[in-house]
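Student: dropping a prediction and its sequence here:
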Amino acid sequence: MSLVPDAAAFQQRLAGLPIMKCQAGENVMTAGSMDGKLLFLRSGAVEVLKGGVQIAKVSAPGAVFGDLAVFLAEPHTADVRTIVPSEFHVADGRSLLAKDSLTTLYVATLLARRLDVANRAMVDLKHRLQAGDSRREMSRTVEKVQELLSSSGASLVYAGYPHDPLA
């Protein structure tokens, strides 16, 4: 049994937080900024951009943004922009995580999932390198990993790997 409820049940827990409504094309987070906010996707879809390059599309309700910046007390590392009209539950990250252990567990679980997928990808890529696989085959592996992470609300780069593992 999981330590935290599924995303749908968790969305109900967030019901007391303010809601931010955004139109398509709005930036909801900007790389380099430090606002201390956690955004939980309520509805809609966003793209995560790093250096102007899209590294993920996220539409899973309950996906969280700003978690790394809050936990590490550092600026955001990517831009998050809405693709369609979207709604977010908005919270002061430090305050919410300090007083709500269920939310902290939820965010930690999402981070752990991202890390697990990224670790598996790195092991797979190392095995492919040792086996002499082509760069093309390894690129396909990275694309598969990006798809997996996007479906869980993350991306390899956004999850804390700000470099091309093949470079």
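Tutor: Sure thing, it's come through. Predicted model, so just to flag it, every value in this text is computed and none were measured.

Student: can you give me the buried ones in the longest helix along the chain?
Tutor: Using DSSP state H, we find that the single longest helix of the chain is helix 101-131. Residues of helix 101-131 classed as buried: 103, 105-107, 110-111, 113-114, 117-118, 121, 124-125, 128 (neighbour count, 16 or more other Cβ atoms under 10 Å). Using the backbone N, CA and C atoms, a C-beta is placed for each residue, glycine as well.

Student: now swap in stretch 58-67 and tell me
Tutor: Buried-residue list, stretch 58-67, by 16+ other Cβ under 10 Å: 58-59, 61-67.

Student: nearest to residue 45, of those?
Tutor: Of all the buried residues of stretch 58-67, the one sitting nearest residue 45 is residue 59; the distance, using Cβ to Cβ, is 3.8 Å.

Student: right, and the closest one touches residue 42 too?
Tutor: No. Residue 59 is not in contact with residue 42 according to Cβ atoms under 8 Å; the separation is 11.3 Å.

Student: which residue ranges of the chain form helices?
Tutor: Using DSSP H, helices in the chain cover 7-13, 67-72, 93-99, 101-131, 135-151.

Student: generate CSV for the ones you listed, with mean pLDDT as supplementary columns.
Tutor: Below are those laid out as CSV (pLDDT from 0 to 100):
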stretch, mean pLDDT
helix 7-13, 74
helix 67-72, 94
helix 93-99, 94
helix 101-131, 84
helix 135-151, 70
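
Student: out of these, which is closest to residue 25?
Tutor: Once those are compared by Cβ to Cβ, helix 135-151 is nearest, at 19.4 Å.

Student: which one of the helices of the chain lies nearest to residue 86?
Tutor: Of the helices of the chain, nearest to residue 86 by Cβ to Cβ is helix 7-13, at 13.9 Å.

Student: can you pull the contacts of residue 17?
Tutor: 40, 89-91 (Cβ atoms under 8 Å, 6 or more residues apart in numbering).

Student: again, only this time at 10 Å
Tutor: By Cβ atoms under 10 Å, 6 or more residues apart in numbering, residue 17 lies in contact with 38-40, 42, 88-92, 96, 103.

Student: and residue 70, by the same measure?
Tutor: Counting by Cβ under 10 Å, 6+ apart, residue 70 makes contact with 34-38, 64, 76, 91-97, 107.
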